[in-house]
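sequence first, predicted model second:
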Amino acid sequence: MDKKKAMNRRDFFKVAGAAGLAATALAGCRGGKETPPEEPAMGEMTRRTNPSTGDKVSLLGFGMMRLPSVGGRSAREGNEDIDQEMVNRMVDYAIAHGVNYFDTSPAYCRGLSEKATGIALARHPRNSYFVATKLSNFAPETWPREASIAMYRNSLKDLQTDHIDYYLLHGIGMGGGMEEYEKRYIDNGVLSFLLDERKAGRIRNLGFSYHGDVAVFDRLLAEHDKYHWDFVQIQLNYLDWKYAKEINPNNTNAEYLYNELAKRHIPAVIMEPLLGGRLSNVPDGIVAMLKQREPERSVASWAFRFAGSFPGVLTVLSGMTRMEHLQDNLRTYSPLRPLSDEEFAFLQRAADRMMQFDTIPCNDCKYCMPCPYGIDIPAILLHYNKCLNEGNVPESAQEPGYRRARRAWLVGYDRNVPKLRQASHCIGCGQCSPHCPQRIDIPAELHRIDAYVERLKQNKL
Ligand code: SF4
Ligand code: SF4
């Protein structure tokens, strides 16, 4: 074991030991395999203290990026309105069960999330929750100072507040890396403006969320003495802990990101604890491994326990569309039962096994959408991953179970992706790939999948 790992494992063990092994209630399962009971039995929500402000933040943070639409789907997709009544109910339920951190952005839910979040939260006393939002100035037309500041002011208006508790430079390192960072925040004086807003108390905590080019992450941390980041949002889960770079050479292992923050005592806010749902829809062999140890606990709860067990984590964000997602997560963190050292090693073995499946690292963020030609990119990639995880991607017609697997692939494809939105209609224009934080070569993957579908259809494997 190398020195860095050894240090980290000791720290990890320390927190697990300190918190002890509290008893927890039963948990349900994601993906419709199990139905959790309506009213789960729970204890107190675990809270973490922010060293800058003393905020006592709930370990479960409500990510407002997959709010329910009136049709019951996530409002990230399609054109349906947000189901405000359901959002209000979920927010009320979350607050009643100890959640006090709500994370939104002008970019979420096709631009509708902040308003819906503001409506739901304004029904509660302002001091009963913390609201986080971001300067999502991705589009070049929002880079001028006035346009970026207008976006910030609009967030205050939509959130119906005169101050933002946690404000982030959104998606640092994405797209054009360092050059884009300079244009979005430095050349236009916007970072100086935000620092002044923090001084004035209209921003209580200033941080950034990181995806992509690690040089930008390193630079911002090197400037910590100058900017005093109050928190940083990173992607952390048990697969990305040591495999993020292997999954995608442009990503950075969560072990590195977390340790760099811990060294500087900067609290970490965690995004993608389920890696876009991949860690709740794991291959059948991994489900068996997890269920054998704790049959009543959901597959997703292991990933949440992993993310929440690190002592430097302030809150773990979960984008919840349905009440049962919220209830399952509440059970996991009310209170958190930190992973033991042995359980940490067990999840690393599960990650080792998952790496044997050659899935595409799509986390369903939808930044590549909409495709001007109507292709449903994430739905295609996720269907491919699901089939791989379930052993339904036959390589040859001679394989046992070929007919069943072929049928599962083709029927599931038509069910999940309407014909006109399938990979065969991709013209390879390449407009999508630059927006993908996972740096997936989308047209190449779609072309590969389409060629495979054709061979399957024609029984030519
Ligand atoms: S490369 Fe294909 S999927 Fe991407 S934007 Fe063009 S047509 Fe759409
Ligand atoms: S292909 Fe990339 S941008 Fe599109 S949903 Fe997947 S991860 Fe996100």
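That came in fine, so what should we check first? Ligands and ions are numbered 1, 2, ... in the order given.

neighbours of Cys387, how many?
Cys387 has 19 neighbours, counted by other C-beta atoms under 10 Å. Using the backbone N, CA and C atoms, a C-beta is placed for each residue, glycine as well.

can you tell me the element it falls in?
Per DSSP states H and E: Cys387 is located in helix 377-389.

now that helix, how far from the centre of its chain.
Relative to its chain's centre, helix 377-389 lies at 17 Å (C-alpha atoms, centre = their mean, to the nearest Å).

what residues does that helix touch?
Contacts to helix 377-389, defined as C-beta atoms under 8 Å, 6 or more residues apart in numbering, come from residues 277-278, 281-284, 357-360, 362, 364-366, 368-369, 371, 393, 405, 408-409, 412-413, 416-417, 421-423, 432, 440, 442, 445-446, 449.

got the contact list for the closest residue to Glu272 other than its chain neighbours?
Once flanking residues are discounted, Glu272 sits nearest to Gln235: 4.4 Å by C-beta to C-beta, 6 or more residues apart in numbering. By C-beta under 8 Å, 6+ apart, the contact list for Gln235 reads 210-211, 244, 251, 254, 257, 270-272, 275.

from ligand 1, how far off is Gln235?
Counting by C-beta to the nearest ligand atom, to the nearest Å, the separation of Gln235 from ligand 1 is 23 Å.

neighbours around His97, how many?
20.

so it makes contact with Thr332?
No: His97 lies out of contact with Thr332 (C-beta atoms under 8 Å); the separation is 12.0 Å.

identify the residue of the stretch 151-300 of the chain closest to ligand 2, quick one.
As assessed by C-beta to the nearest ligand atom, ligand 2 sits closest to Gly276 within the stretch 151-300 of the chain, at 7.0 Å.

how about Met271, phi and psi?
Backbone geometry at Met271, expressed as degrees, to the nearest 10, gives phi -110, psi 160.

identify the bridge partners of it.
In this entry, Met271 is beta-bridged to Gln235, by DSSP bridges.

which among the contacts of helix 377-389 count as buried?
Among the contacts of helix 377-389, those classed as buried by 16 or more other C-beta atoms under 10 Å are 277-278, 281-283, 359-360, 362, 364-366, 368-369, 371, 393, 405, 408-409, 413, 417, 421-423, 432, 440, 442, 445-446, 449.

let me know the pLDDT of Ile427.
Here, the pLDDT recorded for Ile427 equals 96.

no no, Gly32
pLDDT for Gly32: 35.

check the one 4 residues further on too.
The predicted local confidence for Pro36 comes out at a pLDDT of 43.

over to Met355?
Met355 carries a pLDDT value of 84.

contact partners for it?
239, 243, 246-247.

and Lys242, by the same measure?
Neighbouring residues of Lys242 by C-beta under 8 Å, 6+ apart: 253-255, 348, 351.

and Cys432, by the same measure?
Going by C-beta under 8 Å, 6+ apart, Cys432 touches 368-369, 371, 377, 442-443.

state the distance from the closest residue to it other than its chain neighbours to ligand 2.
Spatial nearest neighbour of Cys432, excluding adjacent residues (C-beta to C-beta, 6+ apart): Cys368 at 4.1 Å. Cys368 is 3 Å from ligand 2, where distance means C-beta to the nearest ligand atom.
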